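Visitor: Just need the structure, nothing else, for what follows:
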Amino acid sequence: MIPPTDDRPTKPALVRGLRRRCPNCGEGALFVGYLKVTDTCAVCGEDFHHHRADDGPAYLTILIVAHILGVVMHVGFVHLRPNPLLFATVLAIVCVALSLYLLPRLKGMIVGIQWARRMHGFGGTNGSP
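Guide: Just a heads-up that it's a prediction; the model follows:
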């Protein structure tokens, strides 16, 4: 039997994941710590122990941060001509801060997409939709 695909819309699950919330109910926290996904949602009881985010969030974070900083480096150095040491220091701080901000959000987004698409065990076999 093919599971239904339209009862779990992808966009709301993606947005809830970006907010680091449960993709099912949008209320419970998706993470226990900084990047550890909770085993079950405290509000709706949805299981998350079988998610497979793996290296996807790290790759997306590197892709986004590199594109942003590449533009900033080009525009900043061409138009402002700052001291190279100061510029490198500021860019390093921005790179670390932006990476730390984006990484859990992108991991939540990937878990939300997996939940919506019924990937890697999110097939609804535990009684939840």
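Visitor: Find the residue at the geometric middle of the chain.
Guide: residue 106 (1.4 Å; Cα atoms, centre = their mean).
Visitor: hmm, who's touching stretch 43-56?
Guide: 22-25, 27-28, 30, 37-41, 106-107, 110-111, 114-115, 119-122, 126, 128 (Cβ atoms under 8 Å, 6 or more residues apart in numbering). Any C-beta I mention is one placed from the backbone N, CA and C, and that applies to glycine too.
Visitor: Over to stretch 65-74?
Guide: Residues outside stretch 65-74 that contact it (Cβ under 8 Å, 6+ apart): 87, 91, 94, 95, 98, 99, 102.
Visitor: ok now the helix or strand hosting the third one, how far from the chain's centre?
Guide: Element membership for residue 94, per DSSP states H and E: helix 84-116. Centroid separation between helix 84-116 and its chain, computed with Cα atoms, centre = their mean, to the nearest Å, is 10 Å.
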